[in-house]
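Trainee: what shape does this take:
(one chain, ligands or ions: 1)
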Amino acid sequence: MDVTLFNTMTRSIEPLVPQNKQDVRMYHCGPTVYDFAHIGNLRAFIINDILRRALEYAGLDVKQVMNITDVDDKMIARAAEEGVSIHTLAREYTNFLLADFKALNILIPHKIPHATEHIGGMIVMIEKLLRDGFAYKASDGIYFEVAKAKNYGALAHLDLYAEIESRIEAVQDKKSPRDFALWKFETPEDGGVAYDASFGRGRPGWHIECSEMARDTLGETIDIHTGGVDLIFPHHTNEIAQSEAVNGKLFARMWVHTEFMMIDGQKMSKSLGNIITLKSIIERGFSPFAFRYFVLGAHYRSKQNFTWEALEGAENALRKLNDHIGEEIGRVDKDCQKRFAEFIANDLDTPRALALAWEVAKNKTISAADKTATLLDFDRVLGLGVSPRLEMTIPLEIRNLSTRREEARKNKDWAKSDKLRDEINSLGWDISDTDKGSKISKLIN
Ligand SMILES: [Zn+2]
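Mentor: Residues are numbered from 1 along each chain as shown. A predicted model of the protein is given here:
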């Protein structure tokens, strides 16, 4: 079955046709590692993961690359603030990111190149752009001359250049305000973060970093390039311009973009102070899997609105879905598997795939063992970690209270047991007694 995806370049859903039959070369724009990833970034990373898993489920071999931007203005400013080198800062936040990936059951990409390891390749690219007349030297750096690019702005479907011109500040000796920096010459504010190059000491612009890392790890033409919708312009637009000017070849055959995550109907931003990270989700007692479940509930091309109530709903739903996973594993229901594969191959329709998981769970004719097998098969793509042993994160405080209550019950100290239950309830958790012991869950209002 063909996997179809919405290609931002053509604005239509198209079958994926990799250049090498079964091999898919996929590149994701990764984070700039100067701070924690917020849940909008994490949504895009979960979607990248679903895409990889969906392609593998369809029998394709995927080579997945996600870069790390470890040199740019934000990195330099933050490193100076913390009094550490950009490398220390990068190492620290890359580790936090990989811990988030692990917690969210995101498969680690096959390669995670760092921009600072690819400076040499970027310099070679810029030299070629200068030689071929696509780039020129200005007082503060090397610029790409947008007028020389073929079909500039096709990805963003920009109407002429009005929009670009209004969004970019003019620099005195740039030929046009829409020209963008390939290289920035060293300034005293850079704190010594600079590299020698034939055209002058400095550091790369953000866009050239991805062009070079994609070329070096996957080749001149890649099959799928992804990122958040905010990267369509200028970042991806400029990656295309540079890469195609240097290589004389199509840069990416397909462009896949994940929409924004909103918080209570507002855009997430530092200035609004409404940034949410995975750490804040875990601190409130939620499982990272609940967040993953929540993300899958919306199609990646729709804006998604995060609320704590919605996350709670997702956690309760996942808990209930997981109750259908038993110890005994039967056979995968072929009919359901076929439908699941179709939903996923249809532009990653995760809401319908999740709905189908529920249909299987509630089905009265499929045996418990076969349900387990079918849901585990779906989980190869969904990655919700369903298992007879799935443990949702329960805060230590609640677990301790629960242990003390178990002891009280063993000693038949019912008054103490009730008091501890009240305490657990007052903290937003519920405890019920089953023949397998007590079960803790979030209180549903
Ligand atoms: Zn990029």
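Trainee: these two touch, right, Gly30 and Asp70?
Mentor: No - look at Gly30 against Asp70 with CB atoms under 8 Å: they stay out of range, at 9.9 Å. Glycine gets a C-beta too; all of them are placed from N, C-alpha and C.
Trainee: more neighbours: which of these two?
Mentor: Using other CB atoms under 10 Å as the criterion, Gly30 and Asp70 rank with Gly30 on top: 27 against 23.
Trainee: sec struct for Leu130, please.
Mentor: With DSSP: H, G, I helix; E, B strand; the rest coil as the basis, Leu130 sits in helix.
Trainee: against Leu55, how distant is it?
Mentor: Using CB to CB, to the nearest Å, Leu130 is found at 38 Å from Leu55.
Trainee: between these two, which one's more packed in?
Mentor: Set Leu130 next to Leu55 and count neighbours by other CB under 10 Å: Leu55 wins out with 25 against 17.
Trainee: state the phi and psi torsions of Gly227.
Mentor: Main-chain torsions, Gly227, degrees, to the nearest 10: phi 170, psi 180.
Trainee: no no, Gly273
Mentor: Torsion angles, degrees, to the nearest 10, at Gly273: phi 70, psi 30.
Trainee: so how far is Ile263 from it?
Mentor: Taking CB to CB, one finds Gly273 at 10 Å from Ile263.
Trainee: who has more neighbours out of these two?
Mentor: When Gly273 and Ile263 are compared for neighbours, Ile263 comes out ahead with 19 against 7, by other CB under 10 Å.
Trainee: quick one: contacts for that one?
Mentor: Counting by CB atoms under 8 Å, 6 or more residues apart in numbering, Ile263 makes contact with 274, 276, 305-307.
Trainee: let me know the helix or strand that Ile106 is in.
Mentor: Here Ile106 is covered by no helix or strand, with elements defined by DSSP states H and E.
Trainee: now it, nearest residue through space, not along the chain?
Mentor: Asp49 (4.3 Å; CB to CB, 6 or more residues apart in numbering).
Trainee: dump stretch 38-48 to CSV, keeping only the CA atoms.
Mentor: Provided in CSV are the C-alpha atoms of stretch 38-48 (Å, rounded to 0.1, in the frame of the first residue of the first chain):
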residue,chain,number,x,y,z
HIS,A,38,8.2,23.1,24.7
ILE,A,39,5.2,21.0,24.0
GLY,A,40,4.7,22.6,20.6
ASN,A,41,8.2,21.4,19.6
LEU,A,42,7.5,18.0,21.1
ARG,A,43,4.3,17.7,19.1
ALA,A,44,6.4,18.0,15.9
PHE,A,45,8.9,15.5,17.2
ILE,A,46,6.1,13.0,18.0
ILE,A,47,4.7,13.5,14.5
ASN,A,48,8.2,12.8,13.0
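Trainee: residue contacts, the closest residue in space to Asp190 that isn't next to it in sequence?
Mentor: Distances taken as CB to CB, 6+ apart place Ile76 nearest to Asp190, at 5.9 Å, with adjacent residues excluded. The neighbours of Ile76, taking CB under 8 Å, 6+ apart as the test, are 86, 189-191, 193.
Trainee: of the contacts of Ile263, which are in range of the ion?
Mentor: Among the contacts of Ile263, not one lies near the ion by CB under 5 Å from the ion.
Trainee: could I have the buried ones of those residues as ChimeraX selection syntax?
Mentor: In ChimeraX, a selection of the buried entries from those looks like this (16 or more other CB atoms under 10 Å):
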select :276,306
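Trainee: return the subset of the contacts of Ile263 lying in helices.
Mentor: If you go by DSSP state H, these have nothing in helices.
Trainee: number of nearby residues for the closest residue to the ion within the stretch 151-300 of the chain?
Mentor: Residue of the stretch 151-300 of the chain nearest the ion, by CB to the ion: Cys210 (3.1 Å). When neighbours are counted by other CB under 10 Å, Cys210 registers 27.
Trainee: swap in Asp335?
Mentor: 10.
Trainee: any idea how far it lies from Ala373?
Mentor: As for Asp335, its distance to Ala373 is 13 Å (criterion: CB to CB).
Trainee: show me which residues of the stretch 1-150 of the chain sit near the ion.
Mentor: Contact residues, the stretch 1-150 of the chain versus the ion (CB under 5 Å from the ion): Cys29.
Trainee: show me where the stretch 1-150 of the chain has strands.
Mentor: Along the stretch 1-150 of the chain, counting by DSSP state E, counting those that start in this stretch, strands occupy 4-7, 12-15, 23-28, 61-66, 135-137, 141-144.
Trainee: could you list every helix and strand in contact with the fifth one?
Mentor: On a contact count with 3 or more CB pairs under 8 Å, 6 or more residues apart in numbering; DSSP states H and E, strand 135-137 meets helix 119-131, strand 141-144.
Trainee: contacts for it, please.
Mentor: Outside strand 135-137, the residues that touch it by CB under 8 Å, 6+ apart are 126, 129-130, 142-145, 175, 182, 199-200.
Trainee: again with the last one
Mentor: Contact with strand 141-144 is made by 126, 129-130, 134-137, 174-175, 179-185, 199-200, 202, 205, 238, 241-242, 245, as judged by CB under 8 Å, 6+ apart.
Trainee: please flag which of these sit within helices.
Mentor: Reading helices off the contacts of strand 141-144 with DSSP H, I get 126, 129-130, 238, 241-242, 245.
Trainee: Phe291: which of those residues is nearest?
Mentor: For the ones in helices among the contacts of strand 141-144, the minimum distance to Phe291 (CB to CB) is 31.8 Å, reached by Asn238.
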